[in-house]
Structure formats: C-alpha cells, structure tokens
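> Sequence first, predicted coordinates after that:
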Amino acid sequence: MTIHRITITGEPVLHTRAEPVTDFDARLRTLVEDMYETQEAAHGVGLAAPQIGLGLRIFTWSMANDDGVPSLGHVINPYVRASKPAAGEPDRDHESEGCLSVPGYSFPLRRGERAEVTGYDWDGNEIAFSATGWFARCMQHEYDHLNGFLYVDRLGDRWKKKARKAVKAEGWGVPGHTWLPGEGPDPFGHDDPDVDEE
C-alpha cells in the first residue's frame with residue numbers, strides 16, 4: 001500500500017466535479033486500501049479521492065458512530081442526501097470543521113444532523129445507510145469534495161473572509177501545493193493521534 005500526497009486548496013482537482021468510477025477491479029481495491037493508509041497517516045477521519053489528486057467519486061472514512069455502520073469504510077459513486085441545517089449561526093466550539101486540504105485551520109459550519117448515504121463498495125455491491133451527528137457531518141464533508149467544494153466554500157460571510165485570509169497568508173489558492181503525511185513537520189501539529197481532521 002502507498003501513502004499519497006494530500007492536495008491543498010487551489011489544486012484544480014479539488015474544485016472540479018469528480019467522475020464516476022466505472023471499473024470495479026483490483027486496481028480500485030488497491031486505491032481504496034491506499035486511501036485508508038493515507039487517511040490513517042494523516043490522522044484524518046475522512047478522505048476523498050480528489051484529496052490525493054484523483055478526480056474519482058470515492059471517499060473513505062475512519063470514524064466511530066452510533067449508527068451501526070463500520071467505523072472504517074468506503075463508498076464508491078455515492079449519493080448523500082442531508083437534512084436541512086438548523087437556522088442560526090454555528091457554534092465555534094462545537095460545530096467547527098477542519099480539512100486535510102486546508103491544513104492547520106478549522107472554522108465553524110452548520111450542517112444537517114442526518115444524512116442518507118447510498119453507493120457501492122469496491123466489489124460493486126450496493127450499500128445504503130443513515131448517518132447522524134458528527135458521522136453525518138463527515139459524510140457531507142467528503143461528498144462535497146466529490147462535487148468540487150471544500151467546506152470553506154460553505155462558510156458564512158464572516159468565517160469565509162477569515163478562511164480566505166488564512167489561505168492567502170499560507171500562499172495557497174494556486175496549483176502546486178501538497179503535503180505528504182509523515183514527511184517533515186505535521187501541518188496540524190499533531191502530537192496526539194486522536195486529534196483528527198476530515
């Protein structure tokens with residue numbers, strides 16, 4: 001298995017709708033296994049194929065949940081239908097997200113508390129489940145990646161301005177920025193492997 005470099009905001013693949021997977025073969029299984037390994041090395045709770053530079057409709061997760069769904073999983077060609085977020089401003093302490101493709105930052109974003117997920121596993125078998133709470137947030141976050149969006153694109157005006165300022169300060173927002181989990185300083189400053197980003 002291979003640990004892949006993580007693309008950072010500004011890479012075109014992160015801002016383009018991903019293409020459906022058409023071949024359910026050994027190469028697909030290897031790719032998903034690589035994504036699991038990359039996600040673990042990056043201390044991520046979710047990883048979408050565009051985040052490793054591949055414009056394919058695949059995402060993985062590693063997240064305990066209360067929904068009876070395995071804590072480690074993947075979905076190919078998913079469709080995620082989320083409930084409407086509650087009205088009002090998100091809570092900075094309890095509704096902030098991070099992203100491996102915007103490393104080192106988190107901003108508050110309100111999402112739906114429930115998501116219905118359908119798609120396929122790597123053998124082409126249909127899968128369907130309901131996700132709630134933070135697991136539902138993870139499903140929505142990863143699905144956004146497949147549609148060419150980052151969570152910072154969904155922020156309210158106040159936080160979107162702060163996110164743009166952070167991206168500009170880092171010199172991101174243009175092609176050519178990636179990071180390799182385990183190589184050099186961790187962009188999240190992780191000393192504790194339980195500190196996770198999506």
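Arrived safely, thanks for sending. Numbers count the residues shown, from 1 in each chain.
> Give the buried residues for stretch 125-140.
Buried residues in stretch 125-140, defined by neighbour count with 16 or more other CB atoms under 10 Å: 129, 131-132, 134-140. Glycine gets a C-beta too; all of them are placed from N, C-alpha and C.
> ditto for stretch 30-48
The neighbour-count criterion (16+ other CB under 10 Å) identifies 31-32, 34-40, 42-48 as the buried residues of stretch 30-48.
> On the three-state scheme, the residue nearest the centre of the chain is what?
Taking CA atoms, centre = their mean, the centroid of the chain lies closest to E142, which sits 3.8 Å from it. Assigned with DSSP: H, G, I helix; E, B strand; the rest coil, E142 falls in the helix class.
> Stretch 7-25: which residues count as buried?
Of the residues in stretch 7-25, 7-11, 13-14, 18, 21, 24 count as buried by neighbour count, 16+ other CB under 10 Å.
> What of stretch 167-185?
Across stretch 167-185, burial judged by 16+ other CB under 10 Å covers 167, 170, 172, 177, 179, 181.
> what helices or strands is the top strand by length along the chain leaning on?
Scanning the chain for the strand with the most residues, using DSSP state E, yields strand 72-82. Secondary-structure packing of strand 72-82 (3 or more CB pairs under 8 Å, 6 or more residues apart in numbering; DSSP states H and E): helix 26-41, strand 58-62, strand 114-120, helix 133-146.
> what's the pLDDT at the closest residue to W61 other than its chain neighbours?
Nearest non-adjacent residue to W61, counting by CB to CB, 6 or more residues apart in numbering: G46, 4.7 Å away. Predicted confidence (pLDDT) for G46: 98.
> returning to that earlier point: for the longest strand of the chain, which strands pair with it and how are they oriented?
Here strand 72-82 has these sheet partners by DSSP bridges: strand 58-62 (antiparallel), strand 114-120 (antiparallel).
> and of those strands, who's closest to A87?
Across those, A87 has its closest neighbour in strand 114-120 (16.1 Å, CB to CB).
> Now that closest one: buried residues?
Neighbour counts over strand 114-120 (16+ other CB under 10 Å) mark 114-115, 117, 119-120 as buried.
> Report the mean per-residue pLDDT for it.
For strand 114-120, mean pLDDT rounds to 98.
> what does stretch 79-93 give?
Rounded mean pLDDT across stretch 79-93 is 94.
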